[in-house]
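> Build the 3D model from these lines:
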Amino acid sequence: MAKERKKSENSTDFFKKEDLRSLPYSMEMEQALLGCCVLEGGQESLALCVENKITADSFYYPFHRVIFEAIYDIYRRGQPLLEGTLLECLEATNRTQLAGGRAYVLQVCDCIDNVIHMRHFIDRLRDYELLRRLITVSTKIVEQAYGATMSVTQFISEAEEQIYSVSQDTIRQSATHVKESVNQAIQMAQMALMHRGQINGVSTGFIDLDRMLCGLHGGEVIVLAARPSMGKTSMGLNFAESAILPPAGRNQVPTLFFSLEMSSDQLAMRLICGRAGIDMAALRNGYAPAGQESRLVNAAREFSDAPLWIDESSNLTILELRARARRACSQYKIGLIVVDYLQLVSGMDSRTPREQQVAEISRGVKAMAKELKVPVVLLSQLNRESEKDGRQPRISDLRESGSIEQDADVVLLLARPRGTSEEDERASAEEEDTSVANSSLVERELIIAKQRNGPVGVVHLLFDRRLTKFKNHAIRE
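This next block holds a predicted model:
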């Protein structure tokens, strides 16, 4: 062991001059933090690293990245972090030479005598990493500026996004004194008393639902679940329409709609036809009653001026979804987010069981709602159990993961009335006279299966199959 330590005297030979850039870094800080982790045993030190977003990429030297990865592997497995276990981990994965050799690893382990300055090492390492990222991004922007082929406005927008991605990593969450939360709670109570009987959140557009939920509130995740073809997307669009085109007396709420299944063109067609009261299927076939063109144009004009943004990207991971939502909230002051739908969001690691992936996605959506302080309507699928048993859906029917139930503040289950099947609705539609305005209306039950801050129950709605739009039950136009 002593011989190996002597070999480390010329350890700086590992770092060739041509590998040293003029980027900000500190070899001593990196060694000190790694030494702290080993000396402390990895429990508190690794927790602090995770809390402060320290990863292997936070280290400038490749040797230190490899050592930190091994330390993190040991911590994740719950094993004791010692010099011996660190060397064993490196040797078992053939990474000893990549870490600079046994002698250098031992030198790093012995470079620190106490962990009293560990937080300082973490802060300095984080600062160096952010500076390096900022330099890299800025250099890239400068190079792109010389050969920019897009409009200046578009180029500046993309440059801002790149800088913003770096600046967001400087934000750290920390505990706050209860006094701040109490003051906010008092303000909420005062607002509720001042607007007695009125909705104090984002209105859903449905009278009975708003009465039970008091609107959609910032920081909450509202799960809207149903079997396929029951109208999940339609209801999500109805929530968005109510937010961006509210009745007189209410302010517009900028809305971001993640559509992982349908294109933005399809969603826009639904919105316009629903607003104009035109049969979308007939319009797609080139037929529309005479005189309705003006209604279509007026509806299109309303949505063109409305604060609605649609992201139609597919195969988004939860981290990508959160990053896009974060940017949109910063740029457009978003007040409502709709995600259509949870099961189409990709997991970070495709090798893990799908239930674990969905649990990770569910937790990420909840963290996003809390971070951005906006209500997030998360559409989800139900499994087939309720159909097999011939009963109304319940919260345990949420597909693929029970964690959805845990993370959600409100769970809404969309279903047909008890005793009504899809075949019954189809047969009824065939018997009805299509010239009757109400012939396309079918009843739906929106079951409030969970609500952290309010009652549960059932809200009765009407679904217009021609317009793919929900309506209040008392309204039959």
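> Next one: the nearest residue to residue 269 once chain neighbours are set aside from residue 22, what distance?
In space, and not counting its chain neighbours, residue 269 is closest to residue 280: 6.3 Å by CB to CB, 6 or more residues apart in numbering. Where you see a C-beta, it was placed from the backbone N, CA and C, and this is true even at glycine. Counting by CB to CB, to the nearest Å, the gap from residue 280 to residue 22 is 60 Å.
> quick one: pLDDT of the residue nearest to residue 269?
Predicted confidence (pLDDT) for residue 280: 74.
> And residue 216, by the same measure?
Taking residue 216 on its own, its pLDDT is 89.
> Tell me how many other residues crowd it.
26 (other CB atoms under 10 Å).
> Looking at residue 280 and residue 22, which is more packed in?
Neighbours of residue 280 and residue 22, each counted by other CB under 10 Å, are more numerous for residue 280; the result is 19 against 6.
> which ones are touching that one?
269-270, 273-274, 466-468 (CB atoms under 8 Å, 6 or more residues apart in numbering).
> Where do the strands of the stretch 251-400 of the chain begin and end?
255-259, 308-311, 336-340, 376-381 (DSSP state E, counting those that start in this stretch).
> What strands flank the shortest one, and is each parallel or antiparallel?
Each strand paired with strand 308-311, and its direction, by DSSP bridges: strand 255-259 (parallel).
> got it, and the last one?
Partner strands for strand 376-381, per DSSP bridges, with pairing direction: strand 221-226 (parallel), strand 336-340 (parallel).
> ok, residues contacting that strand?
Under CB under 8 Å, 6+ apart, the answer for strand 376-381 is 216, 220-228, 232-233, 236, 239, 336-343, 365, 368-369, 398-399, 404, 408.
> And the second one, by the same measure?
Residues external to strand 308-311 that are found in contact with it (CB under 8 Å, 6+ apart): 240, 244, 254-259, 264, 267-268, 324, 328, 332, 334.
> The longest strand along the chain vs strand 221-226, what angle?
The residue-count maximum for a strand in the chain (DSSP state E) belongs to strand 441-451. Going by axes from the mean of the first three to the mean of the last three CA atoms, to 10 degrees, strand 441-451 is angled at 140 degrees with respect to strand 221-226.
> since we're on the residue nearest to residue 201 when sequence neighbours are not counted, how many residues are nearby?
Using CB to CB, 6+ apart and skipping residues adjacent in sequence, the residue nearest residue 201 is residue 215, 2.6 Å away. Residue 215 has 16 neighbours, counted by other CB under 10 Å.
> Can you give me the distance of residue 215 to residue 450?
From residue 215 over to residue 450 (counting by CB to CB), the distance is 17 Å.
> how's this structure carved up into domains?
2-131, 195-284+291-472 (automatic domain parsing).
> chain center to stretch 78-98: distance?
Relative to its parent chain, stretch 78-98 has a centroid offset of 35 Å by CA atoms, centre = their mean, to the nearest Å.
> Could you do stretch 76-93 as well?
That offset, for stretch 76-93, works out to 34 Å (CA atoms, centre = their mean).
> quick check: mean pLDDT across it?
Mean predicted lDDT for stretch 76-93 stands at 87.
> If you count neighbours, what's buried in that stretch?
81, 83, 85-87, 89-90 (16 or more other CB atoms under 10 Å).
> Take those residues and write them to JSON lines, including secondary structure and distance to residue 303.
Below are those laid out as JSON lines (DSSP: H, G, I helix; E, B strand; the rest coil; distance: CB to CB, whole Å):
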{"residue": "81", "secondary structure": "coil", "distance to residue 303": "57"}
{"residue": "83", "secondary structure": "helix", "distance to residue 303": "64"}
{"residue": "85", "secondary structure": "helix", "distance to residue 303": "60"}
{"residue": "86", "secondary structure": "helix", "distance to residue 303": "59"}
{"residue": "87", "secondary structure": "helix", "distance to residue 303": "63"}
{"residue": "89", "secondary structure": "helix", "distance to residue 303": "57"}
{"residue": "90", "secondary structure": "helix", "distance to residue 303": "58"}
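> And the residues you listed, which two are furthest apart?
Maximum pairwise distance among those (CB to CB): 12.6 Å, between 81 and 90.
> quick revisit: hmm, which of the contacts of strand 376-381 are the buried ones?
Applying 16+ other CB under 10 Å to those flags 216, 220-227, 232-233, 236, 239, 336-343, 365, 368-369, 398-399, 404, 408 as buried.
> circling back: please produce a markdown table containing the strands paired with strand 376-381, extended by distance to residue 350 and mean pLDDT.
Rendered in a markdown table, the data for the strands paired with strand 376-381 read as follows (distance: least, CB to CB, whole Å; pLDDT from 0 to 100):
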| stretch | distance to residue 350 | mean pLDDT |
| --- | --- | --- |
| strand 221-226 | 24 | 89 |
| strand 336-340 | 20 | 91 |
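> between these, which one is nearest to residue 62?
Of these, the one closest to residue 62 (CB to CB) turns out to be strand 336-340, at 38.2 Å.
> what's the spacing between the closest one and its chain's center?
The answer for strand 336-340 is 9 Å, by CA atoms, centre = their mean.
> contacting residues around the closest residue to residue 86 other than its chain neighbours?
If the residues on either side of it in the chain are set aside, residue 86 comes closest to residue 70, at 5.9 Å by CB to CB, 6+ apart. Residues near residue 70 by CB under 8 Å, 6+ apart: 86, 89-90, 93, 95, 99.
> Backbone dihedrals for residue 70, please?
Main-chain dihedrals, residue 70, degrees, to the nearest 10: phi -70, psi -40.
> residues touching residue 261, list them.
Applying CB under 8 Å, 6+ apart, the residues near residue 261 are 233, 314, 340-341, 344.
> which pair in the contacts of residue 280 spans the largest distance?
Of all pairs in the contacts of residue 280, the most separated under CB to CB is 269 and 466 at 13.4 Å.
> Pull up the pairing partners for the longest strand of the chain, direction included.
strand 410-415 (antiparallel), strand 457-464 (antiparallel).
> tell me the mean pLDDT over that strand?
87.
> in it, what's buried?
In strand 441-451, counting by 16+ other CB under 10 Å, buried: 441-442, 444-451.
> Could you do stretch 204-214 as well?
204-206, 208-210, 212-214.
> export that stretch as PDB, just CAs?
Provided in PDB are the C-alpha atoms of stretch 204-214 (Å, rounded to 0.1, in the frame of the first residue of the first chain):
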ATOM      1  CA  THR A 204     -62.900  24.300 -16.000                       C
ATOM      2  CA  GLY A 205     -65.900  25.700 -17.800                       C
ATOM      3  CA  PHE A 206     -68.300  23.300 -16.100                       C
ATOM      4  CA  ILE A 207     -70.500  24.800 -13.400                       C
ATOM      5  CA  ASP A 208     -70.900  21.700 -11.100                       C
ATOM      6  CA  LEU A 209     -67.200  20.700 -11.400                       C
ATOM      7  CA  ASP A 210     -66.100  24.200 -10.500                       C
ATOM      8  CA  ARG A 211     -68.400  24.200  -7.600                       C
ATOM      9  CA  MET A 212     -66.800  21.100  -6.200                       C
ATOM     10  CA  LEU A 213     -63.200  21.800  -7.000                       C
ATOM     11  CA  CYS A 214     -63.300  25.600  -6.700                       C
END
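> gap between it and the chain center?
25 Å.
> what does that stretch contact?
Contacts of stretch 204-214 (CB under 8 Å, 6+ apart): 199-201, 203, 215-216, 238-239, 241-242, 410, 446, 448, 451, 454-455, 457, 459-461, 470, 472-474.
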